[in-house]
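K.L.:
3D model of this:
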Amino acid sequence: MPIIPKINSFRKSILLYRGIRYRKGFGVHSPFVYNLITKVIEERCPYYCFDDIELVRKQLLFCNATLTLPERTRNRKVCRRTVGQVVAHEAIKPKHGALLFRLANYFKSKQILQLGCSVGIPTLYLTAYASEVHCIVLESVPELASVARMAFEKAACRSTDLRVGAYGDLLPEALAEMPCPDLIYFDASIGCQEQADLFEVCLQRVGDDTLFVFEGIRTNRRMRAFWKAACQRAEVTISVDLYSMGLLFFNKKLHKRNYIVYF
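P.N.:
Numbering: from 1, shown residues only. This is a model prediction of the structure:
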């Protein structure tokens, strides 16, 4: 059996290299980043809420109700899909959702802002660790927001404020209510240019304990360029590259450095 499979071999080769070179905090001298890697990123403990959230995902996957929503292409064609097809395409992976839970739990994030609902699954992971979490979710596509509401109802998630509209209009209002969010999650569904604009707005409200989480930092060439530029911003002290996800920290007590971590 070959070590590197022929299917998608380039990506799997990179992940294999990362698994050998960057794992278990080898070569990391920062206590903050070392604890982040060993106690959060590489933790594999199954929490009780994971099964409940994945049950909600399975229920949505078997929903045959149809939706009419625009495709993410230049011509913006309208297509009809079942709720199950939308969830299969848009929802975050269980592995990434579990990491969101561990991040929120480890840093005790109480004020969470989510840009892009991703049919509600990331929200369930972000808010599951405590009942007093306040989460504002912004979504520009009403059809995706309707699926997210279904997920929230099935999970009895009452700590979430879902708002539908243009991100540029909703974000200033959300930041006015949540001046210094503990965690801001950027979903991969947001276009690169729009994500860069939202990132600039959110940078004005960061504090030492703020964490930015980006999904899909290697979706395309423009997203890779955006991630590289974001890591070089003066406000950012620590960046953690997880290949398909990225973390940004802004604590001025930490030395500025970019880390690559196997995940």
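
K.L.:
Tell me the spacing between Tyr187 and Gly246.
P.N.:
Not quite, residue 187 is Asp, not Tyr. 13 Å (CB to CB, to the nearest Å). Every residue, glycine included, has its C-beta placed from N, CA and C.

K.L.:
Spit out the contact partners of Arg163.
P.N.:
Arg163 is in contact with 136-139, 170, 174, counting by CB atoms under 8 Å, 6 or more residues apart in numbering.

K.L.:
do that again at 10 Å, thanks
P.N.:
Contact analysis of Arg163 by CB atoms under 10 Å, 6 or more residues apart in numbering lists 117, 136-139, 145, 169-171, 173-174.

K.L.:
Check which helix or strand it maps to.
P.N.:
strand 160-164 (DSSP states H and E).

K.L.:
avg pLDDT for that strand?
P.N.:
If you average the pLDDT over strand 160-164, you get 95.

K.L.:
next structured bit after it?
P.N.:
helix 167-177.

K.L.:
shared neighbours of Asp187 and Gly246, which are they?
P.N.:
Common neighbours of Asp187 and Gly246, using CB under 10 Å, 6+ apart, are 213-216.

K.L.:
From those residues, list just the buried residues.
P.N.:
Neighbour counting by 16 or more other CB atoms under 10 Å classes 213-216 among the shared contacts of Asp187 and Gly246 as buried.

K.L.:
Could you identify the least confident member of the residues you listed?
P.N.:
Scoring those by pLDDT puts Gly216 last, at 92.

K.L.:
Gly246 is in contact with that one, correct?
P.N.:
Yes. At 9.0 Å, Gly216 counts as touching Gly246 under the criterion of CB atoms under 10 Å.

K.L.:
before we move on, the earlier item: got TSV for the buried ones among the shared contacts of Asp187 and Gly246, with distance to Glu71 and secondary structure too?
P.N.:
Below are those laid out as TSV (distance: CB to CB, whole Å; DSSP: H, G, I helix; E, B strand; the rest coil):
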residue	distance to Glu71	secondary structure
Val213	26	strand
Phe214	23	strand
Glu215	19	strand
Gly216	17	coil
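
K.L.:
Next up, the contacts around Cys202.
P.N.:
Cys202 neighbours (CB under 10 Å, 6+ apart): 113, 115, 171, 174-175, 181, 184, 186, 210, 212.

K.L.:
Which of the residues you listed fall in strands?
P.N.:
With strands taken from DSSP state E, the overlap with the contacts of Cys202 comprises 113, 115, 184, 186, 212.

K.L.:
Name the nearest of the residues you listed relative to Lys252.
P.N.:
Phe212 (15.4 Å; CB to CB).

K.L.:
Secondary structure class of the residue nearest to the closest one when sequence neighbours are not counted, three-state.
P.N.:
Once flanking residues are discounted, Phe212 sits nearest to Leu248: 4.0 Å by CB to CB, 6 or more residues apart in numbering. With DSSP: H, G, I helix; E, B strand; the rest coil as the basis, Leu248 sits in strand.

K.L.:
Verify the stated contact: Leu248 with Ala230.
P.N.:
Yes. Using CB under 10 Å, Leu248 is in contact with Ala230, at 6.5 Å.
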